[in-house]
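Chemist: Predicted model, plus sequence, below.
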Amino acid sequence: MLAGISPLHRMAARQPDAIAVIAKAQLSENQNGEIQLSYGELNHRVLATAAALKQAKIKRLGVIGPNSLEQIILYWACVDAGSLFCPLSWRLPEDQLAQLATELRLDALSLDTEHDLKLNGMSVPRFPLPNLPLPNFASSAFEPPTPAPIDPLRPVNLILTSGSSGKPKAALHCLNNHMASAEGAASLIPLSPGDRWLLSLPLFHIGGLAIVNRCALAGATLVLPSAQGLAKDIRRFKVSHLSLVMTQLRKLLVEDPDALGRVKALLLGGSALAPDLLTRLKELNVSAFGSYGMTEMSSQITTGLINASVEGMGHSGHLLPGRELRLVDGEIQLEGPCLFLGYLEGDKINLPLTADGWFASGDLGRLDEHGRLHVNGRKDNMFVCGGENLQPEEVEAALKQHPEIEEALVFGAEDPEFGLLPQAILRCREGCRNTMPSQAQLDAFLAPRLARFKRPRRYHPWPELIDSGLKPNRKALIAAVKAKY
């Protein structure tokens, strides 16, 4: 993408009357509790908000709250204004949010007042969204404003990494990163005007922000979730494209699996898909795609159509255009236009690369004979048990094949003879939460699947009070379990 205007403004010029966003009515009165903004209307809101950001001299804007129309406007306004869009999880404790606001040096905050997010202990000033009346677009006197040129290589957003193995890092992206990611994704999962993608992932997650950029580039409609639930939103808004993590998919398959019948493409990520879910999607004839991605590569890296056959299980698909991948001693290393700008450290940007310019992901993997990527787990999760390397993710995948287990996390516990022995934290599925399988039952289940030294010696119930977000926070979960024994 060369210097010019954002894809939102391009679509506003090309198809001003097409629906850009469907959301709850928050910016105007609407008896149906719903608002639809066309690309022309969204364009007007964004330009007015960008002007307000510039006038207030806001360089870093913290955005806290569930996905909303305001946040979509703020993201594109930040792109125009040269401000950094910094979405933060609204589920974090106030003390942690205050600490992040200080560490990230935020100039202002936009808060979701609907969910009573006051954060009175934070001294950062608030940025109110301009609530301007929409002009008469049909009037012959109306002249759409001309957006100012932007630099597509300038940082536009900050996303905190999951921090599953340590402190989260603040990853920066430019618009070119997002457009390269969206173009590569569309090569396998087409997206066109008239299609509707449900924003079912939060904007503080790279998967959520990727949906926003994909829709703008394609001229598709972005649908914001309502309080009615996933299944009802899919039916009510005639959703054609959907991104889910495993916990969302499992809940949907219990509540209303037939809702997926109208979906053109279901993109799955976050963790490996359990065999029972694969089988269920096959029975429903859903076009489901597995993927491997990360914040540092602006979302998807590899993607592939999945099926319920043994041959089709366990891989994350082929490399998408706009990405480069190599394996060095089993570690996945990455390059290409999707690669982020680096981590924000104070006022400096740090992009850690190998001597020859590749980003070492810390993930372990292999390519099969068909060129599909198989991800084996995190390099820093591996531990040595009695002289043997043990990769926790392999054991976790085997445990999740058990019909009663929804989530598993394996770690090494100190042992005087073997150094470290595997233990596991288990979350059972609905209906089985009060009766975890016994040690003997799980040993018998794992015997044909894993070598003896890989089988956990002890099992712990999942600490339900820990909010692990879209994927388990390994460090917090392990610490919570160890504190009890």
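Modeler: Great, that's in hand. Numbers count the residues shown, from 1 in each chain.
Chemist: right, and E335 touches G357 too?
Modeler: Yes - with contacts counted by C-beta atoms under 8 Å, E335 reaches G357, the gap being 6.7 Å. C-beta coordinates here come from the backbone N, C-alpha and C atoms, glycine included.
Chemist: quick one: which of the two has more around it?
Modeler: The residue with more neighbours, out of E335 and G357, is E335; 17 against 10, by other C-beta atoms under 10 Å.
Chemist: how about the nearest residue to that one, chain neighbours excluded?
Modeler: Nearest non-adjacent residue to E335, counting by C-beta to C-beta, 6 or more residues apart in numbering: E324, 4.2 Å away.
Chemist: P193 now?
Modeler: G219 (4.2 Å).
Chemist: can you pull the contacts of that neighbour?
Modeler: 11, 14-15, 18, 39, 192-193 (C-beta atoms under 8 Å, 6 or more residues apart in numbering).
Chemist: next one: phi and psi at it?
Modeler: Here is the backbone geometry of G219 (degrees, to the nearest 10): phi 80, psi 20.
Chemist: how near is it to P392?
Modeler: Separation of G219 from P392 (C-beta to C-beta, to the nearest Å): 43 Å.
Chemist: Poorly predicted segments of the stretch 351-485 of the chain, please.
Modeler: Residues of the stretch 351-485 of the chain meeting the criterion pLDDT under 70: 431, 433, 465-469.
Chemist: Then the chain?
Modeler: For the chain, the ranges with pLDDT under 70 are 1-3, 25-33, 113-122, 130-145, 163-166, 270-272, 307-313, 431, 433, 465-469.
Chemist: got the domain boundaries for it?
Modeler: Per the record, the chain has its domains at 7-376, 382-482, by automatic domain parsing.
Chemist: Please state the offset of the last one from the chain centre?
Modeler: When distances are taken as C-alpha atoms, centre = their mean, to the nearest Å, domain 382-482 is centred 24 Å away from the chain's centroid.
Chemist: related to what we said a few turns ago, and the contacts of G219, which are buried?
Modeler: 11, 18, 39 (16 or more other C-beta atoms under 10 Å).
Chemist: Export these as TSV, with columns for secondary structure and distance to L129.
Modeler: Output for the buried ones among the contacts of G219, formatted as TSV (DSSP: H, G, I helix; E, B strand; the rest coil; distance: C-beta to C-beta, whole Å):
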residue	secondary structure	distance to L129
M11	helix	21
A18	coil	23
Y39	helix	19
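Chemist: which residues pair with the nearest residue to L470 once chain neighbours are set aside across the strands?
Modeler: Closest residue to L470 apart from its sequence neighbours, by C-beta to C-beta, 6+ apart: V245 at 5.0 Å. Here V245 sits in beta bridges with G269, going by DSSP bridges.
Chemist: In space, what's closest to P168 - neighbours in sequence excluded?
Modeler: L160 (4.2 Å).
Chemist: That neighbour reaches L88, doesn't it?
Modeler: Yes - between L160 and L88 there is a contact under C-beta under 8 Å: 7.2 Å.
Chemist: Overlap in contacts, those two.
Modeler: If you check L160 and L88 against C-beta under 8 Å, 6+ apart, the residues they both contact are 100, 204.
Chemist: Need phi/psi at the residue nearest to P168.
Modeler: Residue torsions, per degrees, to the nearest 10, at L160 are phi -80, psi 130.
Chemist: ok, the spatially most central residue of the chain to M294 distance?
Modeler: Nearest residue to the geometric centre of the chain (C-alpha atoms, centre = their mean): G207, 2.9 Å. Relative to M294, G207 is positioned 10 Å away (criterion: C-beta to C-beta).
Chemist: Give me the neighbour count for the residue nearest to L470.
Modeler: Close neighbours of V245, defined as other C-beta under 10 Å, add up to 18.
Chemist: What distance do you get for it to L201?
Modeler: Counting by C-beta to C-beta - V245 and L201 are separated by 7 Å.
Chemist: Give me the contact list for stretch 381-392.
Modeler: So stretch 381-392 is contacted by 165, 364, 376-377, 393, 409-412, 417-422, 453-454, 474 (C-beta under 8 Å, 6+ apart).
Chemist: and these, which of them are in helices?
Modeler: 393, 474 (DSSP state H).
Chemist: which residues pair with the closest residue to L442 other than its chain neighbours across the strands?
Modeler: Spatially, and ignoring its direct neighbours in sequence, L442 is nearest to Y459 (6.5 Å; C-beta to C-beta, 6+ apart). With DSSP bridges applied, Y459 shows beta-bridge pairing to A424.
Chemist: in which helix or strand would I find L97?
Modeler: helix 94-103 (DSSP states H and E).
Chemist: What residues of that helix count as buried?
Modeler: 97-98, 100-101.
Chemist: pretty sure P149 is touching V79, no?
Modeler: No - the criterion here is C-beta under 8 Å, and P149 misses it with V79 at 11.8 Å.
Chemist: Those two: which is more packed in?
Modeler: Using other C-beta under 10 Å as the criterion, P149 and V79 rank with V79 on top: 28 against 10.
Chemist: which strands and helices sit next to the strand or helix carrying that one?
Modeler: Secondary structure from DSSP H and E places V79 in helix 69-81. With contacts defined as 3 or more C-beta pairs under 8 Å, 6 or more residues apart in numbering; DSSP states H and E, helix 69-81 has these neighbours: strand 19-24, helix 39-55, strand 60-64, strand 84-88, strand 108-111, strand 155-160, helix 206-218.
Chemist: Give me the angle between the first one and helix 39-55.
Modeler: Strand 19-24 and helix 39-55 meet at an angle of 80 degrees, taking axes from the mean of the first three to the mean of the last three C-alpha atoms, to 10 degrees as the criterion.
Chemist: Let me see the residues that make contact with strand 19-24.
Modeler: Outside strand 19-24, the residues that reach it (C-beta under 8 Å, 6+ apart) are 8, 11, 33-39, 41-42, 68-69, 72, 196, 215-216, 221-224, 226, 237.
Chemist: Mind putting the contacts of G219 into TSV with distance to G346?
Modeler: Output for the contacts of G219, formatted as TSV (distance: C-beta to C-beta, whole Å):
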residue	distance to G346
M11	36
R14	40
Q15	42
A18	42
Y39	38
S192	43
P193	42
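Chemist: quick one: which two of those residues are the most distant?
Modeler: The span of the contacts of G219, defined through C-beta to C-beta, is set by Y39 and S192 at 14.2 Å.
Chemist: tell me the strands in the stretch 101-250 of the chain, going along the chain?
Modeler: Here the stretch 101-250 of the chain has its strands, by DSSP state E, counting those that start in this stretch, at 108-111, 155-160, 170-174, 196-198, 221-223, 241-245.
Chemist: mind putting these in a markdown table, distance to V254 included?
Modeler: Listed next are the strands of the stretch 101-250 of the chain as a markdown table, based on distance: least, C-beta to C-beta, whole Å:
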| stretch | distance to V254 |
| --- | --- |
| strand 108-111 | 34 |
| strand 155-160 | 30 |
| strand 170-174 | 34 |
| strand 196-198 | 18 |
| strand 221-223 | 22 |
| strand 241-245 | 13 |
